[in-house]
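# Build me a model from this:
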Amino acid sequence: MTKRKANMIKVNNMSSEGITALVLGATGEVGKSLVQELLKNAAFSRIIVVGRRKLDLEDEKVENRIVDFEKLDEHKEAFQDAQVGFCCLGTTRGKAGAKGFVRVDRDYVSQSAKFLKEGGCSHFHLISSQGANKNSTFLYTKTKGETEDLVKEVGFPRLSIYRPALLLCDREESRPLEKIAQIVVRGFDWRNKISIPTYTVANAMVANTLDSQATVKSEETKVEIFENNDILRLGID
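Predicted structure coming up:
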């Protein structure tokens, strides 16, 4: 029996009702992989999907909660009842513009985290980025760093931050430059030093949730940060 399977059994024994998880960004590539992992894992009995539109998925374990992220104060109830929260929410500067990118990746995320904490969530998972740094001169890594700090301030009993490298996936939306980068990287990064499949990130988040032996690196702030290599170790059986 693998360590992960053993931990799943431990978690199942802890609660006959199973775990209620809430997912933000379920229509994105990591989010879609995550939902699939949660669906097939018996440790999770309920999956709350919060988003702007209903997830195109029919399953008795899934509950869709539609919100307007521009009016999140009016949707606090959508963030109730979850024991574990997963945030895969994000956009791009090319799609939303600089201000729109910051609005989604920083403001929506930090505000949602606040409401989740108020709603009783005890473990929050945040997808950030390799190189996240609030002092960075680059908008993307700067915004990710600012988001990490804002979520830390929320004060979750346990906060897990993931900093993946280039995400490898087959997106439905067109991102020409990213597609070219993925093709190049797939050719030589076979050890995933500068890239990582989206399903591996999803696997890592689920494994970390179920690992009853997991400990945070800072008892004071209750925060654990997983760099790309850490995510690979967690996400691969």
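
# residues touching residue 126, list them.
By Cβ atoms under 8 Å, 6 or more residues apart in numbering, the residues touching residue 126 are 87, 109, 113, 147-148, 151, 159-162. Yep, even glycine has a C-beta here, placed from its N, CA and C like the rest.

# Mind giving me the packing neighbours of the longest strand along the chain?
If you go by DSSP state E, the chain has its longest strand at strand 44-51. Judged by 3 or more Cβ pairs under 8 Å, 6 or more residues apart in numbering; DSSP states H and E, strand 44-51 is in contact with strand 19-24, helix 29-39, strand 62-66.

# ok, back up a step: next, format the contacts of residue 126 as JSON lines and append neighbour count.
Converted to JSON lines, the contacts of residue 126 look like this (neighbours: other Cβ atoms under 10 Å):
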{"residue": "87", "neighbour count": "28"}
{"residue": "109", "neighbour count": "27"}
{"residue": "113", "neighbour count": "26"}
{"residue": "147", "neighbour count": "28"}
{"residue": "148", "neighbour count": "24"}
{"residue": "151", "neighbour count": "25"}
{"residue": "159", "neighbour count": "24"}
{"residue": "160", "neighbour count": "24"}
{"residue": "161", "neighbour count": "21"}
{"residue": "162", "neighbour count": "27"}
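
# just to revisit the earlier point, turn the helices and strands packed on strand 44-51 into CSV, columns for mean pLDDT and mean neighbour count.
Formatted as CSV, those follow (pLDDT from 0 to 100; neighbours: other Cβ atoms under 10 Å):
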stretch, mean pLDDT, mean neighbour count
strand 19-24, 98, 25
helix 29-39, 95, 22
strand 62-66, 96, 15
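
# So which of the contacts of residue 126 is the closest to residue 69?
Comparing those against residue 69 with Cβ to Cβ picks out residue 109 as the nearest, at 9.8 Å.

# these two touch, right, the closest one and residue 146?
No: applying Cβ atoms under 8 Å as the test, residue 109 and residue 146 come out as separate, 10.1 Å apart.

# could the helices and strands packed on strand 44-51 go into a markdown table alongside distance to residue 133?
Shown next, in a markdown table, are those (distance: least, Cβ to Cβ, whole Å):
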| stretch | distance to residue 133 |
| --- | --- |
| strand 19-24 | 23 |
| helix 29-39 | 21 |
| strand 62-66 | 33 |
